[in-house]
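# coordinates only, sequence not included:
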């Protein structure tokens with residue numbers, strides 16, 4: 001067990017080294033790495049838009065955010081309006097056919113009821129607000145979409161996280177194998193709390 005743990009730490013460090021090695025080469029090298037693995041074939045932003053995003057990022061350690069398809073503040077989810085807004089944004093990104101969304105809130109028990117209908121299936125979900133204390137229910141993405149809706153609609157892509165930064169949650173909509181390849185190539189940091197450590201260091 002100890003050996004497996006040490007191997008895991010070693011591999012994680014190697015992935016971080018790859019990201020750091022790539023970003024110091026600049027925007028052009030970063031974009032070329034994306035093209036090498038075929039990232040832009042699946043990416044929501046076009047190559048031109050990705051180039052524009054990269055040009056607007058002044059600190060290379062944040063290049064990975066040029067990949068972001070979905071970005072939101074995970075705090076402030078106090079009512080159905082916040083969830084409805086997020087769900088509409090996700091549905092726009094995943095582009096499922098014949099989709100309708102219904103969101104209602106029972107103020108008595110604090111439960112938000114969600115129903116997404118497609119041409120094939122109906123997907124119900126509920127959120128008990130008091131369980132999350134103003135934070136988003138992360139299972140909306142992890143389970144509701146990635147384990148139920150997307151597989152149920154025969155969609156190979158998933159909503160996969162980029163390293164969070166302070167009050168920002170970011171996701172890409174990609175096949176898992178391509179996401180893993182991006183980590184191997186150093187396009188995405190191999191450590192989930194990469195930017196949180198940056199913040200702690202600066203403080």
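Arrived safely. Since we're looking at a predicted model, the values are computed, not measured.
# Quick check: which ranges of this protein have low pLDDT?
Where the chain drops to pLDDT under 70, the residues are 1-16, 165-166, 191-203.
# What segments of it are helices?
2-23, 27-36, 39-42, 47-56, 80-94, 139, 150-152, 176-184, 194-202 (DSSP state H).
# doesn't residue 21 make contact with residue 187?
No: using CB atoms under 8 Å, residue 187 makes no contact with residue 21, being 11.4 Å away. To be clear about C-beta, it is placed using only N, CA and C from the backbone, and glycine gets the same treatment.
# Just give me the neighbour total for residue 83.
21 (other CB atoms under 10 Å).
# if we can go back for a sec, who has more neighbours out of residue 187 and residue 21?
Shown here are residue 187 and residue 21; by other CB under 10 Å, residue 187 has more neighbours (24 against 11).
# got a list of what the more buried one touches?
19, 22, 30, 33, 34, 37, 39, 64, 67 (CB atoms under 8 Å, 6 or more residues apart in numbering).
# which of these are buried?
19, 22, 30, 33, 34, 39, 64, 67 (16 or more other CB atoms under 10 Å).
# Widest-spaced pair of those residues?
Checking the buried ones among the contacts of residue 187 against each other with CB to CB, the farthest-apart pair comes out as 19 and 39, at 14.4 Å.
# closest one to residue 121 among the helices of the chain?
Closest approach to residue 121 among the helices of the chain is made by helix 150-152 (5.2 Å; CB to CB).
# Spatially central residue for the chain, please.
Nearest to the mean C-alpha position of the chain, by CA atoms, centre = their mean, lies residue 171 at 1.5 Å.
# Residue 103: how many residues sit nearby?
Using other CB under 10 Å, residue 103 has 21 other residues around it.
# now swap in residue 42 and tell me
The burial count for residue 42: 15, using other CB under 10 Å.
# Likewise for the one 10 residues further on?
Applying other CB under 10 Å, we find 12 other residues in the vicinity of residue 52.
# Compute the distance between the residue of the chain most remote from its centre and residue 45, please.
Each residue of the chain has a distance to the centre, and by CA atoms, centre = their mean the biggest one is for residue 108: 32.6 Å. Remark: distance between residue 108 and residue 45 (CB to CB, to the nearest Å) = 43 Å.
# repeat for residue 74
In terms of CB to CB, residue 74 sits 22 Å off from residue 45.
# Also residue 150?
With CB to CB as the criterion, residue 150 and residue 45 are 20 Å apart.
# again, but for residue 125
For residue 125 relative to residue 45 (CB to CB), the value is 28 Å.
# quick one on the thing from earlier: pretty sure the residue nearest to the centre of the chain sits against residue 163.
No: counting by CB under 8 Å, residue 171 stays clear of residue 163, with 11.2 Å between them.
# residues in contact with the closest residue to residue 100 other than its chain neighbours?
In space, and not counting its chain neighbours, residue 100 is closest to residue 117: 4.7 Å by CB to CB, 6 or more residues apart in numbering. By CB under 8 Å, 6+ apart, the contact list for residue 117 reads 98, 99, 100, 101, 102, 123.
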